[in-house]
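S.K.: model this:
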Amino acid sequence: MSFTSTIMAIVLFLVFLSIIVASTLRKRKSGTNNKLSFIGIVIFALQILVFALFFMDKLANLNEVSIDILWWATVLCGLIYGMMEIKNYVIIATLTILLSILLAMLKLLMVFITSM
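M.R.: Okay, here's the model as predicted:
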């Protein structure tokens, strides 16, 4: 098994695990039915967009400084939103936290590889 497939298997396992944990936490609080906030949807969509653009190799053509700012802003916004809204919107908050951690690990891996 190659390194990339191992990483993707670990990522898929973490995604499924976070969905199961979020669903379990959501079922415990079944008395409250909150609608998703617009900010949560925007942050989640931005994280998915950055993640997809990275693997489609579209970020290589753009300015490196602006991409770094966008990348880390997306990670921080996802973490802050996820920590603040974990009680109200369990599923989207868990997914934004997971994507923030994955994006941060991916960026740090890129930094360490390019610094060698």
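
S.K.: center of this structure, which residue is that?
M.R.: residue 99 (1.3 Å; Cα atoms, centre = their mean).

S.K.: Please identify the helix or strand for the closest residue to that residue other than its chain neighbours.
M.R.: Excluding the flanking residues, the one nearest residue 99 by Cβ to Cβ, 6 or more residues apart in numbering is residue 47, at 4.3 Å. C-beta coordinates here come from the backbone N, C-alpha and C atoms, glycine included. Secondary structure assigned from DSSP states H and E places residue 47 in helix 38-55.

S.K.: send the alpha carbons of that helix over as PDB?
M.R.: The C-alpha coordinates for helix 38-55 follow below in PDB (Å, rounded to 0.1, in the frame of the first residue of the first chain):
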ATOM      1  CA  PHE A  38     -25.100  30.600   7.300                       C
ATOM      2  CA  ILE A  39     -21.600  31.200   8.700                       C
ATOM      3  CA  GLY A  40     -21.100  27.500   9.400                       C
ATOM      4  CA  ILE A  41     -22.100  26.500   5.900                       C
ATOM      5  CA  VAL A  42     -19.800  29.200   4.400                       C
ATOM      6  CA  ILE A  43     -16.800  28.000   6.500                       C
ATOM      7  CA  PHE A  44     -17.400  24.400   5.700                       C
ATOM      8  CA  ALA A  45     -17.800  25.100   2.000                       C
ATOM      9  CA  LEU A  46     -14.500  27.200   2.100                       C
ATOM     10  CA  GLN A  47     -12.700  24.400   3.700                       C
ATOM     11  CA  ILE A  48     -13.900  21.900   1.200                       C
ATOM     12  CA  LEU A  49     -13.000  24.300  -1.600                       C
ATOM     13  CA  VAL A  50      -9.400  24.800  -0.300                       C
ATOM     14  CA  PHE A  51      -9.100  21.000   0.200                       C
ATOM     15  CA  ALA A  52     -10.300  20.300  -3.400                       C
ATOM     16  CA  LEU A  53      -8.200  23.000  -5.000                       C
ATOM     17  CA  PHE A  54      -5.100  21.600  -3.300                       C
ATOM     18  CA  PHE A  55      -5.700  18.100  -4.700                       C
END
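
S.K.: Thank you, goodbye.
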